[in-house]
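1. need a structure here:
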Amino acid sequence: MKLIGSNTSPYVRKVRVVMAEKKLDYSFELDNVWAAETQVHLSNPLGKVPCLVMEDGSALYDSRVIAEYLDTLTPVCKLLPANGNGRDRADVKVWEALADGVLDAAVLVRLEKTLRPQEQQSPQWMARQLGKVHAGLAVMAEKLGEQPFCMGKSYTLADVAVGCALGWLAFRFPDIAWRDDYPNLAKLHDKLAERASFRDTAPFEG
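-> As a prediction, the model looks like this:
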């Protein structure tokens, strides 16, 4: 398998963490979707990463689709409850949707700030997106409570998604004081950061 992505994308990182936890072999191909020479569109018509290219040349895209598929490939470190446990499985996916939603809003703010001239930027629109980020963080903290992991005692895809979201906020939005506001999220993030899967995929430029 070949994963097309970048070293800074939190969605790519989520997939890389899953692959590490599942002990899956793959090659990692870097691609900058904003560069003129980007090639990801040859495998994903949407031109987005991550994109997982299979041995037969077919491709999977969207981190949620890829992560769910990867969890079926080996029983090592099951990250999603079995299909028969529908409510728990849905709860994990809600955590993932919440984490990805926080990222979606934050990424839009970053793009507004980095791709549009300052005179064309909309402070009101950015404030609306940041409001989603703060609301999402508050719900994460409330749902987590004093549990060791998002779903209680078990490490799941929910923790992977939340850990990648928090890590990217720390990387790109150091001015958002989520560590001070939500000590339980900071504790979870720090615990996850000690895992080899997170340590080896920390975002960086270059």
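2. contacts and neighbour counts: CA atoms only from here.
-> Will do.
3. what's the lengthiest helix in the chain packed up against?
-> Using DSSP state H to assign secondary structure, the helix with the most residues in the chain is helix 86-115. For helix 86-115, the elements it packs on are helix 123-144, helix 157-172, judged by 3 or more Cα pairs under 8 Å, 6 or more residues apart in numbering; DSSP states H and E.
4. who does the last one touch, helix- and strand-wise?
-> So the one you mean is helix 157-172. Contacting helix 157-172 under the criterion 3+ Cα pairs under 8 Å, 6+ apart are the following elements: helix 10-21, helix 86-115, helix 183-193.
5. Using TSV, please lay out these together with distance to Pro45, mean neighbour count and mean pLDDT.
-> TSV is the format used below for the helices and strands packed on helix 157-172 (distance: least, Cα to Cα, whole Å; neighbours: other Cα atoms under 10 Å; pLDDT from 0 to 100):
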stretch	distance to Pro45	mean neighbour count	mean pLDDT
helix 10-21	17	24	98
helix 86-115	20	17	97
helix 183-193	33	18	98
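6. mind putting these in CSV, distance to Ala165 included?
-> What follows is the helices and strands packed on helix 157-172, written out as CSV (distance: least, Cα to Cα, whole Å):
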stretch, distance to Ala165
helix 10-21, 6
helix 86-115, 6
helix 183-193, 10
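7. And those helices: which comes nearest Pro148?
-> Relative to Pro148, the nearest member of the helices and strands packed on helix 157-172 by Cα to Cα is helix 183-193, separated by 7.2 Å.
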